[in-house]
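Chemist: fold the following for me, if possible:
(chains A and B)
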Amino acid sequence: EAQVTQNPRYLITVTGKKLTVTCSQNMNHEYMSWYRQDPGLGLRQIYYSMNVEVTDKGDVPEGYKVSRKEKRNFPLILESPSPNQTSLYFCASSLALHNEQFFGPGTRLTVL
Amino acid sequence: ILNVEQSPQSLHVQEGDSTNFTCSFPSSNFYALHWYRWETAKSPEALFVMTLNGDEKKKGRISATLNTKEGYSYLYIKGSQPEDSATYLCAFHNTNAGKSTFGDGTTLTVKP
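Modeler: Numbers count the residues shown, from 1 in each chain, chains lettered A, B, ... in the order given. Model prediction:
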């Protein structure tokens, strides 16, 4: 089944404890992206990648890192999480830049 | 950060009513405009990808139009049904970058 997977789905952690949220797609998509969604707001783009080893900042990249060493994986890294990073996170992929995006199931992160 | 606005923020209609809402975006450097449907507790799913001025797309009772010169797109739902209840998001893509800028969404509630 064609899909985007994210792990974990739910995570409660403490300030400063490094964490990684994984994202994987099995559709051979070139474009991958991370978004966060906060109450009352739409999706805000954190980072995106147009292909392997090509990543760039979205609108809210502060406090996050990403890597794209393989086409299928695009992990989101929080080196030192803070409470303002408590949010719902979505990973998405598309065949190429500007094509429709397919979203993962979301990861709800709480930083205490 | 590019300004993508959706109106109204929320809408309550009766079953059978037809409705429409708006997405406004920058009229310069336009590349594509996406519409997504986001049901509670699920992930956003693509409805339409629109790229040409004057584009009209249709999927069942839902249709969309695009005006790139003035920077807006309309989404129409004919004969709303309770299962149409969701948040509808638009996403603007410009030519200069791989960024994807979402509006805050219009939340539609259809009462039986």
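
Chemist: what about residue A:111, how many neighbours?
Modeler: Residue A:111 has 20 neighbours, counted by other Cβ atoms under 10 Å in any protein chain shown. C-betas here are computed from N, CA, C, even on glycine.

Chemist: and for it, nearest residue in space, chain neighbours not counted?
Modeler: Residue nearest to residue A:111 in three dimensions, not counting chain neighbours: residue A:81, with 4.5 Å by Cβ to Cβ, 6 or more residues apart in numbering or on different chains.

Chemist: let's verify that neighbour: helix, strand, or coil?
Modeler: Here residue A:81 is recorded as coil under DSSP: H, G, I helix; E, B strand; the rest coil.

Chemist: tell me the SS of the nearest residue to residue A:80 once chain neighbours are set aside?
Modeler: In space, and not counting its chain neighbours, residue A:80 is closest to residue A:16: 5.1 Å by Cβ to Cβ, 6+ apart. Assigned with three-state DSSP, residue A:16 falls in the coil class.

Chemist: I'd say residue A:16 and residue A:83 touch.
Modeler: No - contact criterion Cβ atoms under 8 Å: residue A:16 and residue A:83 do not qualify, at 10.8 Å.

Chemist: state the pLDDT value of residue A:31.
Modeler: Reading off the confidence values, residue A:31 has pLDDT 94.

Chemist: next, count neighbours for it.
Modeler: Number of residues near residue A:31 (other Cβ under 10 Å) recorded here: 22.

Chemist: which residues does it contact?
Modeler: With contacts defined as Cβ atoms under 8 Å, 6 or more residues apart in numbering or on different chains, residue A:31 is in contact with A:48, A:49, A:50, A:51, A:93, A:94, A:95, A:96, A:97, A:99, A:101, B:98.

Chemist: need the buried ones from these selected in PyMOL.
Modeler: The PyMOL selection below is limited to those of the contacts of residue A:31 classed as buried (16 or more other Cβ atoms under 10 Å in any protein chain shown):
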select buried, (chain A and resi 48+49+50+93+94+97+99+101) or (chain B and resi 98)
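
Chemist: in the contacts of residue A:31, find the pair that's most separated.
Modeler: Using Cβ to Cβ, these reach their maximum pairwise distance at A:51 and A:101, which is 15.5 Å.

Chemist: tell me the centre residue of chain A?
Modeler: In chain A, the residue lying closest to the centroid (Cα atoms, centre = their mean) is residue A:34, at 3.1 Å.

Chemist: check for me that it belongs to a helix.
Modeler: No - checked against three-state DSSP, residue A:34 lies outside a helix; its state is strand.

Chemist: what's across from it in the sheet?
Modeler: Residue A:34 forms beta bridges with residue A:47, residue A:91, as assigned by DSSP bridges.

Chemist: that one and residue A:78 touch, don't they?
Modeler: No - judged on Cβ under 8 Å, residue A:34 makes no contact with residue A:78 at a distance of 11.0 Å.

Chemist: what touches both of these two?
Modeler: Common neighbours of residue A:34 and residue A:78 (criterion: Cβ under 8 Å, 6+ apart): residue A:64.

Chemist: sketch out the low-pLDDT regions of chain B for me.
Modeler: Under the criterion pLDDT under 70, the flagged ranges of chain B are B:1, B:96-97.

Chemist: enumerate the residues of it near chain A.
Modeler: Chain B comes close to chain A at residues B:1, B:4, B:6, B:31-32, B:34, B:36, B:43-46, B:49, B:51, B:89, B:91, B:93, B:97-105, as judged by Cβ under 8 Å from any Cβ of the partner chain.

Chemist: sounds good, over and out.
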